[in-house]
Every structure is written in structure tokens, then in C-alpha cells.
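K.L.:
quick one, what's the 3D model for this:
(one chain, ligands or ions: 2)
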Amino acid sequence: MSTQARVLPDTSSLAVDDAKEQLRRVLREHRATHHRHPEHGHNDTCERLTTHILQAIAGMDTVAAYVSVGNEPCTRLLLQQLEDSGTRVLLPVLGPHLTRSWGYFRRVTDLAERSPGRPPEPSGEVLPAAAIADAEAVIVPALAVDRSGRRLGQGGGWYDRVLPLRRAGVPVCAVVHDDELVAGPLPAQAHDAPVDVVITPDEWFLLEGSAFACAPAPTDRD
Ligand SMILES: Nc1nc2c(c(=O)[nH]1)N(C=O)[C@@H](CNc1ccc(C(=O)N[C@@H](CCC(=O)O)C(=O)O)cc1)CN2
Ligand SMILES: Nc1ncnc2c1ncn2[C@@H]1O[C@H](COP(=O)(O)OP(=O)(O)OP(=O)(O)O)[C@@H](O)[C@H]1O
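P.N.:
Ligands and ions are numbered 1, 2, ... in the order given. As a prediction, the model looks like this:
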């Protein structure tokens, strides 16, 4: 199956910050009208996306992920399945002024909005930003990603600041709706970490040249 990628406005004449803001506006509007999650349960799109994420992180014991909200691609079915398989999952916990901390996922029913306007968070010990070093892969939200691995986030710089703390060679896996995988090029700045893996309900793939893609394939003895 293949969904038409969104054609984004040409922002090449704008300063990078302005270009990002304009694209975020267009992408958020599109998301709000085209990507609804069922009120109860999950649909085929959630299931296909979950299957692809699980394939990308196969064999890993600890990953960092996030709890999807609103019109974001669904990660809640994934969390349910990771709970069942006993995979350890770090989830973002926002401190004062949206500072970057983590908490270990316990179970789906433990997740709760701990402050208004913030994504649901786990209860339990709050770990420092550097806890991302425990993760073997980091699953990140994005508004769009291009086929060269440039990622446009929500604009808070949350991931830009925390991703440099991951261990060397740990893949960043961006999750987007099918039509948010765009031809690009998306605007990018020096602080924007390129992603190693792109995951949508339709497909998932490694970006050529990523340290992850170059890592030796696991053998039966590993
Ligand atoms: N599901 C999900 N979780 C995520 C992200 C995301 O994009 N999606 N993030 C991606 O970066 C980080 C959180 N980023 C955030 C950035 C701003 C606000 C925010 O402004 N919220 C309130 C104010 C809350 C407060 O100040 O206490 C608001 O909307 O008014 C929340 C989360 C980590 N977790
Ligand atoms: N390492 C950093 N240190 C300080 N400021 C940063 C850093 N990385 C990003 N920023 C700032 O954060 C703001 C948002 O950055 P940007 O537009 O790249 O967000 P984004 O990548 O879309 O968001 P996110 O990282 O939350 O997904 C910008 O003002 C940027 O200058």
C-alpha cells in the first residue's frame, strides 16, 4: 500500500525558523482533519504501525518511546504490547519549564496526565535526562520526516536537547503518518539530529549511512 506524500509549501526563501513554523502550521492543520484515532480501541492503522515499530526494535530489552496524544500516530497499542513482552520502556516526564526527565513505563493503566496540557506520564521514580543512555533505540514523535532523515518536531527542542545524551550508535526512530513521510528537503539546523529509521503504518526503513544500518547484523550467538 502506498499513500501520497503531502506536498508542502515551498519555504526555501524563508529563514529556517520561519520555514519550520510555516510547515508546522500546515502539518498540524492536516493532522487535525485527516488523522483521527478511534475513541475506543485501535484500528488497522494502529495495528500496522505497531507491527512495524516492533520489527524495528526486535530483540531489544530497553527502548525509549512516548505516549501518543490527539492526532499523533498511535503508540498506545505498542506500549500495551511492550508491557506484555516485558520490554523496558523509558517515557518522557516533563519537569518545571518542560525540563527533560524520564520514567519507566509500568503499565498502561498507570499512565496519567500529571499536569494539564502534558502527555500522560508514568508514576514512579523520575530519572534524569541522561537516563536515555539505557535505551537501545529511541522512538520519537515528528510532524514530518523526509527521505533523507530530516525530522520536523513540535518545536520545543525537547528531543534536540535530549538525543545527544543517547549512547553512540543507538538509532533514532521517527514515527509519522503515511503522508507525513515527505520528499523534502525539510529545513534543518545544526542542532537537528538526523533520524536513522522512519516508521509509518505503510512501511519502515533504515536510512542509508546511519550507524545503526552499518552495525553488524546480530548472529545466533549474540
Ligand atoms: N506524545 C508526545 N509526547 C512528547 C512530545 C510529543 O511531541 N508528543 N514531546 C515532543 O517534544 C515532548 C514533550 N513536549 C511538550 C512541549 C510542550 C508542551 C506544552 O506546552 N504543554 C502545555 C503547557 C504545559 C506546562 O507548561 O506545564 C500547553 O500545551 O499549554 C507539552 C509537551 C516529550 N513528550
Ligand atoms: N541543544 C540545544 N540547546 C539549546 N537550544 C536548542 C537546542 N536544540 C534546539 N534548541 C532550540 O529549541 C527550539 C526548537 O528547535 P527546533 O525548531 O529544531 O524544534 P524541533 O526539532 O522541531 O523540536 P523537538 O526537538 O522538540 O522535536 C529552537 O529555538 C532551538 O534553537
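
K.L.:
only C-alpha atoms for contact and neighbour calcs from this point on.
P.N.:
Fine.

K.L.:
check contacts around the nearest residue to residue 166 once chain neighbours are set aside.
P.N.:
Take residue 166 and drop its neighbours on the chain: the residue closest to it by C-alpha to C-alpha, 6 or more residues apart in numbering is residue 133, 4.6 Å away. Taking C-alpha atoms under 8 Å, 6 or more residues apart in numbering, we find residue 133 in contact with 165, 166, 167.

K.L.:
equivalent analysis for residue 53, please.
P.N.:
78, 199, 204.

K.L.:
so which of those residues belong to strands?
P.N.:
Among those, the residues falling in strands (DSSP state E) are 199, 204.

K.L.:
ligand 2 next: which of the contacts of residue 53 are close?
P.N.:
By C-alpha under 6 Å from any ligand atom, no member of the contacts of residue 53 lies near ligand 2.

K.L.:
mind putting the contacts of residue 53 in TSV, neighbour count included?
P.N.:
Listed next are the contacts of residue 53 as TSV, based on neighbours: other C-alpha atoms under 10 Å:
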residue	neighbour count
78	20
199	25
204	19
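
K.L.:
all strands of this structure, in order?
P.N.:
Under DSSP E, the chain gives strands at 62-64, 88-94, 100-104, 127-128, 138-141, 144-146, 151-152, 172-175, 181-182, 197-199, 204-206.

K.L.:
out of these, flag the one nearest residue 3.
P.N.:
The closest of these to residue 3 is strand 181-182. By C-alpha to C-alpha, the value is 9.5 Å.

K.L.:
residues from the protein in reach of ligand 2?
P.N.:
152, 153, 154, 155, 156, 157, 158, 159, 160, 161, 191, 192.

K.L.:
now the buried members of those residues.
P.N.:
Neighbour counting with 16 or more other C-alpha atoms under 10 Å marks 152, 153, 154, 159, 160, 192 as buried within the residues of the chain next to ligand 2.

K.L.:
circling back to that earlier point, any idea which of the contacts of residue 133 is closest to ligand 2?
P.N.:
For the contacts of residue 133, the minimum distance to ligand 2 (C-alpha to the nearest ligand atom) is 10.4 Å, reached by residue 165.

K.L.:
pick out the residue nearest the middle of the chain.
P.N.:
Centroid-nearest residue in the chain: residue 140, 2.0 Å away (criterion: C-alpha atoms, centre = their mean).

K.L.:
distance of residue 186 from ligand 1?
P.N.:
17 Å (C-alpha to the nearest ligand atom, to the nearest Å).

K.L.:
what residues are up against that residue?
P.N.:
By C-alpha under 8 Å, 6+ apart, residue 186 lies in contact with 145, 146, 150, 151, 152.

K.L.:
how about 7 Å then?
P.N.:
Applying C-alpha atoms under 7 Å, 6 or more residues apart in numbering, one finds that residue 186 lies in contact with 146, 150.

K.L.:
with residue 129 instead?
P.N.:
Counted by C-alpha under 7 Å, 6+ apart, residue 129 has contacts 100, 101, 102, 162.

K.L.:
let me know the pLDDT of the third one.
P.N.:
On the pLDDT scale, residue 102 is placed at 98.
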